[in-house]
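Build the 3D model from these lines:
(chains A and B)
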Amino acid sequence: MSDFPSSKFERGKIFAKTGLRVGSNYAKHYVNSSIGKDSDKNELHKKTATEVFGEFTKLRGTALKIAQSMSMDQGFLPDEFADVMTQAQYKVPPINKAVVRSIIKQELGKYPEMLFKNFQPEAMAAASIGQVHRATLQDGTAVAVKIQYPGVRDTISSDLGLARTLFRRLVKSGSNIDSYFDEVKETLLLETDYLFEGKQIEQFHERFSGSSVITPRWIENLSSERVLTMTFIDGMHLGEYLEHNPSQEDRNHYGQLLWNFFHDQIEDNREIHADTHPGNFLFTPDKKLGVIDFGCVKKFPEDFFYNYLKLLPVHLKQDEEEIIELYKKLDVLQKDPSMDENEKRYFEFCRDYGYIFSKPYENEKFDFGDPGYIAKIKGFTKNAPLSNQPRGNKNFIYSTRVHLGLYHLLMKLEAKISTKKSIDVVENALNSMQV
Amino acid sequence: MTMDQKTNFKIKTSEKAAQLYLKNERFKIQQLAEELETEPGKIFESFPNRNAILDYYYESRLLLLDDITQKIEGFHKFTLSEKLSTVILTILDLFQEHREFVLETYRSRVACRSNDRTGFNTGIKERVSEIFKSDSRISTFSGMVFQSLFISLFTLHFHAIVRVWMNDKSDSMGTTMALVEKWTSLVQEIFYSAVIDKGFDLAKFIFNSSGFSDWVQSENKNYQTGENKTV
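This next block holds a predicted model:
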């Protein structure tokens, strides 16, 4: 049980406290190092990450979403940090059971014991925006009931307002950060609309039913804007699955399902499940891929999606002129890289990253467990040209989240994937778009 | 526990009376009987007058609370904070169903009356007292020193929360929920904290093991012997 800080003041205080702790931990480390005292950097990262995680879980909402993204984009943070942050996927303190009951009463008109044959008061999972309880319908169907934390919608606006103010001080004056923040805010607010998510659940079920992907069904009469009831999918999350030491063949199987799910969505050219983190995928006992949580679903603007997909064949061809042209269209480059040293730095980084990213499509099979490949991906993220000037189309925020998330999952699985038809899928999707 | 027919009738009567009250504060029992499709005599069998019916609205919320909490699976395993929150939030949920009536009458019929004059105030205290009695996690010292004080002040705290609820304009009662959660969490921290118990334990240990206890005993003995000598 924990109380949820919903006021701007309380949340601002937690942000400031976290910043101070991180600052003082690192300052202490550098002072110790400079006077020749032993100071273990790995321990320092772990300690700092645990403290940051502890504070962010109190905040839930936006702050926890950031923690989730950081854990997903492995390589961006030190390994010790990413490991602790991965907990953000699963281990958030749940809210008071009485509050849960009261929310259900207000949203659905009755208390859970009157609506369900059985309702487990202990949350089975608690995440950034809401927590999930297991329940059974009167007809015996097992369901998952997602309850939104009270006041979380308001905290999104206040947290992002706070973050926007901080970023304005960090970025180069005149840089437009508003479009990025508006994109994140719009998406996060949509994630708090559980009726929208219910509709997405049904759409994805319609698209993928009968395949090797399982998605839940929406139980509309037991759902509202803040309570979402859906059928329960049994399975293991990535972390739990790997603890069972699965065989290479088994890992390849689930990896292939993930890879195919991603490409099937490209082929459809419809909404894309844009929350590719380990907490949203289940490996089911009947060897299927369970996909849950449809709050963050994106339909990218066609011109962006076309150019984004085009990055793949263009990088495979290694045609620099075409790459530059595409980067300009996607707002990654502002000038010709040959004319400006800073632009050249950006160009070279993105081009090489693109080459690495397109690698799995070069041959018929690809081994995501290749340590050399994992090290390269991590190295690129760590060596990103840090600049106080935001770059790239705002839609990169979620397209990259999907793509990086997928690669991260496959690298964790160390899966060998058949990528034979994938480039054709992308080419077909490009041909079907009228841009 | 399922409520008997008579109690059900009384609850239904008080809820209908709450609705009528909003249209006419001085409604007649005849009108109420018509709304309930019954005879006035049947109402008088249960209530002496209109005031008693309206007071019963509040008392009956506690009966409904009992009925609801008994149906909660694993309620006995809830923490102190969760049990107290359940009591408060369930009553507020029930109030929400007749919000206008509660806004109009809570102050005069409940909050501003002395505790022994309303069944609601005494009833809520009894329930809170029961929660404390049945919770084995409460530390000895906090239980001894603060429990009776807390229970006797509980109605005051509850009235304050109802006041916040009355003015709560947030989505789905968010502010009230946050207040209840924070307040009950604080109460739990106080009552579950074993700091003072452990302090006593340490003091007792030091007293017994440091020789201080022997010294006190021998001093007592000397004193008594000396006293006897004097006598």
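
Let me know the helix or strand that the closest residue to B:Phe200 other than its chain neighbours is in.
In this structure, B:Phe200 finds its nearest non-sequential neighbour in B:Phe141, 6.8 Å apart by Cβ to Cβ, 6 or more residues apart in numbering or on different chains. No exception for glycine: its C-beta is placed from N, CA and C like everyone else's. Secondary-structure assignment from DSSP states H and E places B:Phe141 in helix B:140-166.

Helix B:140-166 and the next helix or strand after that helix, what's the angle between them?
Next in sequence after helix B:140-166, counting helices and strands by DSSP H and E, comes helix B:174-192. Here helix B:174-192 runs at 170 degrees with respect to helix B:140-166, directions being taken by axes from the mean of the first three to the mean of the last three Cα atoms, to 10 degrees.

can you list contacts of the next helix or strand after helix B:174-192?
Helices and strands here follow DSSP H and E; after helix B:174-192, the next one along the chain is helix B:195-209. Defining contact as Cβ atoms under 8 Å, 6 or more residues apart in numbering or on different chains, one finds that helix B:195-209 is touched by B:Ser139, B:Thr140, B:Phe141, B:Ser142, B:Phe212, B:Ser213.

change it to 7 Å
B:Ser139, B:Thr140, B:Phe141, B:Ser213 (Cβ atoms under 7 Å, 6 or more residues apart in numbering or on different chains).

Just the closest of these to chain A, please.
Checking the contacts of helix B:195-209 against chain A with Cβ to the nearest Cβ, the nearest one is B:Ser139 at 17.9 Å.

my guess is that closest one meets B:Gln188, correct?
No. Checked against Cβ atoms under 7 Å, the pair B:Ser139 and B:Gln188 is beyond contact range at 11.0 Å.

neighbour-wise, which of these two wins?
Between B:Ser139 and B:Gln188, counted using other Cβ atoms under 10 Å in any protein chain shown, B:Gln188 has the larger neighbour count: 21 against 18.

Distance of that one relative to chain A?
With the distance defined as Cβ to the nearest Cβ, to the nearest Å, B:Gln188 ends up 8 Å from chain A.

If we ignore the residues flanking it in sequence, what's nearest that residue?
In space, B:Gln188 comes closest to B:Ser81 once its chain neighbours are excluded; the distance is 3.9 Å by Cβ to Cβ, 6+ apart.

if we can go back for a sec, could you report the neighbour count for the residue nearest to B:Phe200?
Here the count is done by other Cβ under 10 Å, and B:Phe141 has 17 residues near it.

give me the element the closest residue to A:Cys296 other than its chain neighbours is part of.
Nearest non-adjacent residue to A:Cys296, counting by Cβ to Cβ, 6+ apart: A:Asp275, 3.9 Å away. In this structure, A:Asp275 is located outside every helix and strand according to DSSP H and E.

Contact partners for the residue in chain B that chain A sits nearest to?
Here the residue of chain B nearest chain A is B:Ser85; by Cβ to the nearest Cβ that distance is 3.4 Å. With contact set as Cβ under 7 Å, 6+ apart, B:Ser85 has these partners: A:Asn96, A:Ala98, A:Val99, B:Val180, B:Glu181, B:Thr184.

same check, this time on A:Gln200
By Cβ under 7 Å, 6+ apart, the contact set of A:Gln200 is A:Glu271, A:Phe294, A:Val297.

domains for chain A, by residue range?
Following the assignment in automatic domain parsing, chain A carries domains at A:8-88, A:236-435.

For the ones you listed, which has the smallest mean pLDDT value?
Averaged per stretch, pLDDT over these is lowest on domain A:8-88, reaching a mean of 62.

A:Tyr398 contacts A:His273, doesn't it?
No. Counting by Cβ under 7 Å, A:Tyr398 sits too far from A:His273 to count as a contact (10.4 Å).

if you count what's nearby, which of those two comes out ahead?
The neighbour comparison of A:Tyr398 against A:His273 (other Cβ under 10 Å) goes to A:His273, with 23 against 20.

what's the closest non-adjacent residue to whichever residue of chain A sits closest to chain B?
Minimum separation of chain A from chain B (Cβ to the nearest Cβ) falls at A:Ala98, amounting to 3.4 Å. Leaving aside its sequence neighbours, A:Ala98 sits nearest to B:Ser85 (Cβ to Cβ, 6+ apart; 3.4 Å).

ditto for B:Phe9
Once its chain neighbours are removed from consideration, B:Phe9 has its nearest residue in B:Ser46; the separation is 6.9 Å (Cβ to Cβ, 6+ apart).

Near chain B, which residues of chain A? Just list them.
Residues of chain A lying close to chain B (Cβ under 7 Å from any Cβ of the partner chain) are A:1, A:3-4, A:6, A:96-99, A:101-103, A:105-106, A:111, A:113, A:121, A:150-151, A:153, A:226.

and those residues, which are buried?
Neighbour counting over the residues of chain A next to chain B (16 or more other Cβ atoms under 10 Å in any protein chain shown) leaves A:1, A:3-4, A:6, A:96-99, A:101-103, A:105-106, A:111, A:113, A:121, A:150-151, A:153, A:226 as the buried ones.

Now do the contacts for A:Gln334.
Contacts for A:Gln334 were tallied using Cβ under 7 Å, 6+ apart; they are A:Glu343.

From A:Glu186, how far off is it?
Using Cβ to Cβ, to the nearest Å, we find A:Gln334 at a distance of 25 Å from A:Glu186.

one step back: from the contacts of B:Ser85, which single one is nearest B:Thr7?
Distances from the contacts of B:Ser85 to B:Thr7 were compared by Cβ to Cβ; the smallest belongs to A:Ala98, at 24.8 Å.

before we move on, which element is the closest one in?
Assigned by DSSP H and E, A:Ala98 falls in helix A:97-108.

quick one: contacts of that helix?
Helix A:97-108 is contacted from outside by A:111-112, A:115, A:121, A:147, A:150, A:222, A:224, A:226-227, B:78, B:82, B:85-86, B:89, B:93, B:172-173, B:177, B:181, using Cβ under 7 Å, 6+ apart.

Distance from the chain centre to that helix, please.
Chain-centre distance of helix A:97-108: 28 Å, with Cα atoms, centre = their mean, to the nearest Å.

any idea of the mean pLDDT in that helix?
What helix A:97-108 shows for mean pLDDT is 94.

now stretch B:16-28
According to the model, stretch B:16-28 has a mean pLDDT of 96.
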